[in-house]
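Trainee: I'd like to go over a predicted model; first the sequence, then the structure.
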Amino acid sequence: MEKLGIDEKYGKRRQITFRIGPVCQDRLERAAALFNMKPSEYAKAVLYKDLGIFDEPLDQRRRTWRQKKQRLDEDDF
């Protein structure tokens, strides 16, 4: 069985952009912090949940060890 890449399995990725107001931004940041996520990650997770898409991965970006280490160091304080 051949292993499929992300593009073959889920189709071409698309980027969307939308604007939010200050009240929405505040609530988004607080809700994302509850789940230890970035606001953009949380917004995407909520969008996928509302659309009923549970088999597609949320984030395909690669994080470097430096970014992971900085995030861990911030959590220690």
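Mentor: Arrived safely, thanks for sending.

Trainee: Figure out the length between the terminal residues of stretch 31-45.
Mentor: One end of stretch 31-45 to the other measures 12 Å (C-alpha to C-alpha, to the nearest Å).

Trainee: tell me how far that stretch is from the chain's mean position?
Mentor: 7 Å (C-alpha atoms, centre = their mean, to the nearest Å).

Trainee: Sketch out the low-pLDDT regions of this structure for me.
Mentor: Along the chain, the model assigns pLDDT under 70 to residues 1, 6, 56-72, 75-77.

Trainee: now the helices: where do they sit in it?
Mentor: Taking DSSP state H to define them, one finds helices in the chain at 6-10, 22-34, 39-51, 65-76.

Trainee: what residues are up against residue 38?
Mentor: By C-beta atoms under 8 Å, 6 or more residues apart in numbering, the contact list for residue 38 reads residue 32. Every C-beta, even on glycine, is put in place using the N, C-alpha and C of the backbone.

Trainee: close enough to count as contact, residue 54 and residue 45?
Mentor: No - judged on C-beta atoms under 8 Å, residue 54 makes no contact with residue 45 at a distance of 10.5 Å.

Trainee: Of the two, which one has the most company?
Mentor: A count of neighbours by other C-beta atoms under 10 Å puts residue 45 above the other of residue 54 and residue 45, at 15 against 7.

Trainee: Residue 73 versus residue 40, what's the distance?
Mentor: The gap separating residue 40 from residue 73 is 21 Å, by C-beta to C-beta, to the nearest Å.

Trainee: repeat for residue 44
Mentor: Distance of residue 44 to residue 73, computed by C-beta to C-beta: 25 Å.

Trainee: out of those two, which sits in the more crowded spot?
Mentor: Set side by side, residue 44 and residue 73 show more neighbours around residue 44, with 15 against 9, by other C-beta under 10 Å.
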